[in-house]
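# kindly return the folded structure for what I paste below:
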Amino acid sequence: MSFSMNVKKELAGNKYESSCCKRSLLYGMCIFGKSFSENSISIQTENESIAALYAALLMQIFNINTDTKISPHGRNFTVSVKEKSDAAKLFKAFGHESGGSLKINHSNFDCEKCANAFIAGAFLSCGTVSSPEKDYHLEFTVAYLNLSKSLLTMLEEMELNPKYLYRYGYNVIYFKESETIEDCLYLMGASDAMFEMMNVKILKDFRNKANRRANCETANIGRMVNAAAQQLQAIEKIWKIKGRDYLPESLSEVAVLRYENPDMSLSELAALCNPPLSRSGVNHRLKRIVDISEEL
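Numbering: from 1, shown residues only. You can find the predicted model right below:
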């Protein structure tokens, strides 16, 4: 099951103590559903629990019967208000009139939690969210321009900073920032999904830091190997052309140690010197050896 399906499953399973919040949840599902007019009210969903919740709320709150149709492959559930007269009654009950532009009617929200329930209902009908393992993206796909604008304004008033785009004939309200998506999930009541997303993000940050550290260490090892190879070539060249006694004693000691220990780091070579040298001291002497080699 996808992360988005898990979020919807969690939202559909939430219990609302206040009847006004249940009504707001249903309102969000209705107005952002497949159709919402005085002639037809319906939703289409891939989630059977959402279809069952929609039908149950209509019966419980408005005593309205619904008809559920399943697609041939069983992938989609379309739940419709059976009677046209019931559709007109429901449309009017939510404060909408025929012929008017479809916008969110805020008079349907009686308590401070109603707006949150409404957003949850909207997400159940037209929302999706990407898996945090892959990307950070949550969106509401809305058919009507003015309805999308009123949703955008409502989310802005909740300080969620939504974005807007027009895509393939639909108006899309979306979020890309992980913190904003977490806030939206919590606001809607999907706290389990929010914590899962936070855990995934922490793990991803840990992996990224570990990868950066590993890449840095690999680069350092590469530089050390290349430097050691250059030093060995310089030592062999000097010994071949001038003999082992050509270098002064201070450089000769370091040359022998490097030749006998090609895999050692500068700090390890420094500890073997007699008396012990600093890392920078060994580095300086090896550079002098390379310079002498190049002068020959």
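# so what's the residue count around residue 50?
23 (other C-beta atoms under 10 Å). For the C-beta atoms, the positions are set from N, CA and C on the backbone; glycine is no exception.
# spatially central residue in this structure, please.
residue 136 (2.5 Å; C-alpha atoms, centre = their mean).
# burial of the residue lying closest to it once chain neighbours are set aside, as a residue count?
If the residues on either side of it in the chain are set aside, residue 136 comes closest to residue 178, at 4.4 Å by C-beta to C-beta, 6 or more residues apart in numbering. Residue 178 has 18 neighbouring residues, counting by other C-beta under 10 Å.
# now the helices for the stretch 51-200 of the chain?
84-93, 114-126, 145-157, 178-188, 191-242 (DSSP state H, counting those that start in this stretch).
# name the stretch among these that sits most buried.
helix 114-126 (a mean of 26; mean count of other C-beta atoms under 10 Å).
# what's near enough to touch residue 230?
Residues in contact with residue 230 (C-beta atoms under 8 Å, 6 or more residues apart in numbering) are residue 290.
# how close does it sit to residue 270?
According to C-beta to C-beta, to the nearest Å, residue 230 and residue 270 sit 18 Å apart.
# repeat for residue 155
Taking C-beta to C-beta as the measure, residue 155 and residue 270 are separated by 62 Å.
# still on that earlier bit, can you redo the helices of the stretch 51-200 of the chain as CSV with mean pLDDT and distance to residue 9?
Shown next, in CSV, are the helices of the stretch 51-200 of the chain (pLDDT from 0 to 100; distance: least, C-beta to C-beta, whole Å):
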stretch, mean pLDDT, distance to residue 9
helix 84-93, 93, 26
helix 114-126, 96, 10
helix 145-157, 95, 23
helix 178-188, 94, 13
helix 191-242, 85, 9
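# could you dump these into a markdown table with distance to residue 60 added?
Shown next, in a markdown table, are the helices of the stretch 51-200 of the chain (distance: least, C-beta to C-beta, whole Å):
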| stretch | distance to residue 60 |
| --- | --- |
| helix 84-93 | 13 |
| helix 114-126 | 14 |
| helix 145-157 | 25 |
| helix 178-188 | 21 |
| helix 191-242 | 25 |
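# what inclination does the helix or strand harbouring residue 286 have with respect to helix 191-242?
Element membership for residue 286, per DSSP states H and E: helix 279-295. Interaxial angle of helix 279-295 relative to helix 191-242 (axes from the mean of the first three to the mean of the last three C-alpha atoms, to 10 degrees): 50 degrees.
# and residue 42, its phi and psi?
Backbone torsions for residue 42, taken as degrees, to the nearest 10, come to phi -160, psi 160.
# contacting residues around it?
Counted by C-beta under 8 Å, 6+ apart, residue 42 has contacts 33, 34, 35, 78, 79, 80, 81.
# thinking again about what came up before, my guess is the residue nearest to the centre of the chain contacts residue 179, does it?
No. Using C-beta atoms under 8 Å, residue 136 is not in contact with residue 179; the gap is 9.2 Å.
# quick one, which of the helices of the stretch 51-200 of the chain gets closest to residue 7.
Closest approach to residue 7 among those (C-beta to C-beta): helix 191-242, 4.5 Å.
# tell me the one of the contacts of residue 42 nearest residue 184?
Using C-beta to C-beta, these come closest to residue 184 at residue 33, 19.8 Å.
# give me the nearest residue to that closest one, chain neighbours excluded.
Closest residue in space to residue 33, ignoring its immediate chain neighbours: residue 43 at 3.5 Å, by C-beta to C-beta, 6+ apart.
# what do you get for residue 69?
In this structure, residue 69 finds its nearest non-sequential neighbour in residue 78, 4.7 Å apart by C-beta to C-beta, 6+ apart.
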